[in-house]
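[1] the following comprises the amino acid sequence and a computationally predicted model.
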Amino acid sequence: MKRVEDILNQIDRHKQQIASGKLFQLLSDNSIDGQYRLSFAPSMLYYLMGFKDVLAALKRDSPKNDLEKAINAYCGEDAEH
């Protein structure tokens with residue numbers, strides 16, 4: 001069983017990997033025009049604006065088991081982000 005410290009270290013390693021990824025390098029490069037750096041944003045709009053609808057479709061009105069209860073909890077939490 002992992003200790004909390006091990007889990008936090010693993011999270012930190014993953015955060016460093018994400019931060020050093022190509023997308024985040026591009027976004028943080030001030031030598032590149034800001035409009036170019038954010039040129040992908042309009043193509044993300046459908047996904048971002050529709051995600052709440054997807055979560056609403058997954059949510060169960062009367063959850064019958066622990067999995068459906070967990071799905072509802074996730075949908076309720078994530079829909080507000």
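    Arrived safely, thanks for sending. Numbers count the residues shown, from 1 in each chain.
[2] ok, R60 - contacts?
    E68, I71, N72 (C-beta atoms under 8 Å, 6 or more residues apart in numbering). For every residue, glycine as well, the C-beta is placed using N, CA and C.
[3] phi, psi of the second one?
    With angles defined as degrees, to the nearest 10, I71 sits at phi -60, psi -40.
[4] give me the neighbour count for it.
    Here the number of neighbours of I71 (other C-beta atoms under 10 Å) works out to 16.
[5] do L55 as well
    Neighbours of L55 (other C-beta under 10 Å): 19.
[6] equivalent analysis for V54, please.
    13.
[7] what packs against whichever strand or helix holds it?
    Following DSSP states H and E, one finds V54 within helix 41-58. Where contact means 3 or more C-beta pairs under 8 Å, 6 or more residues apart in numbering; DSSP states H and E, helix 41-58 is packed against helix 66-78.
[8] which residues sit against the helix it packs on?
    With C-beta under 8 Å, 6+ apart, helix 66-78 has contacts from F51, L55, A56, L58, K59, R60, P63.
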